[in-house]
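Undergrad: I'd like to go over a predicted model; first the sequence, then the structure.
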Amino acid sequence: MELKINQQIKQFNVESLSVQALLDLEIPHKQNGIAVAINNTVVPKTNWNQHFVSETDEILIISATQGG
């Protein structure tokens, strides 16, 4: 499966991926303070296990940062 994540094309050797499985592969150690948008729509964290991505999706993973 080829996915566009944060404007970069990435390859995954799977047929389907939930948002949670994708995050487990991409950022396994830092999932607090993360927001995920698919096709410009935020996917609530409570839906990450049930929401599956497809190759036509535009995926944006945003990490909250501190600063001022």
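TA: Good, I have the coordinates. Treat the numbers as computed from the prediction; the structure is a model and nothing was measured. Numbering: from 1, shown residues only.
Undergrad: For the host helix or strand of residue 24, what does the pLDDT average out to?
TA: Using DSSP states H and E, the element containing residue 24 is helix 19-26. The average pLDDT for helix 19-26 rounds to 95.
Undergrad: Could you check it and say which residues are buried?
TA: Neighbour counts over helix 19-26 (16 or more other CB atoms under 10 Å) mark 19, 20, 21, 22, 23, 26 as buried. Glycine gets a C-beta too; all of them are placed from N, C-alpha and C.
Undergrad: quick one: low-confidence ranges for this structure?
TA: Residues of the chain that meet the criterion pLDDT under 70 lie in 67-68.
Undergrad: so where do the strands sit in the chain?
TA: In the chain, the strands defined using DSSP state E lie at 2-5, 8-11, 17-18, 34-38, 41-43, 52-53, 58-63.
Undergrad: Redo the ones you listed as a markdown table? Include mean neighbour count.
TA: Shown next, in a markdown table, are the strands of the chain (neighbours: other CB atoms under 10 Å):
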| stretch | mean neighbour count |
| --- | --- |
| strand 2-5 | 14 |
| strand 8-11 | 10 |
| strand 17-18 | 18 |
| strand 34-38 | 16 |
| strand 41-43 | 13 |
| strand 52-53 | 18 |
| strand 58-63 | 15 |
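Undergrad: wait, what's in contact with the spatially closest residue to residue 42 that is not a sequence neighbour?
TA: Spatial nearest neighbour of residue 42, chain neighbours left out: residue 35 (6.1 Å); criterion: CB to CB, 6 or more residues apart in numbering. Neighbour list for residue 35: 42, 61, 62, 64 [criterion: CB atoms under 8 Å, 6 or more residues apart in numbering].
Undergrad: For residue 22, see how far away the third one is.
TA: Shown here: residue 62 relative to residue 22, a distance of 14 Å by CB to CB, to the nearest Å.
Undergrad: now the second one
TA: Distance, residue 61 to residue 22, by CB to CB: 8 Å.
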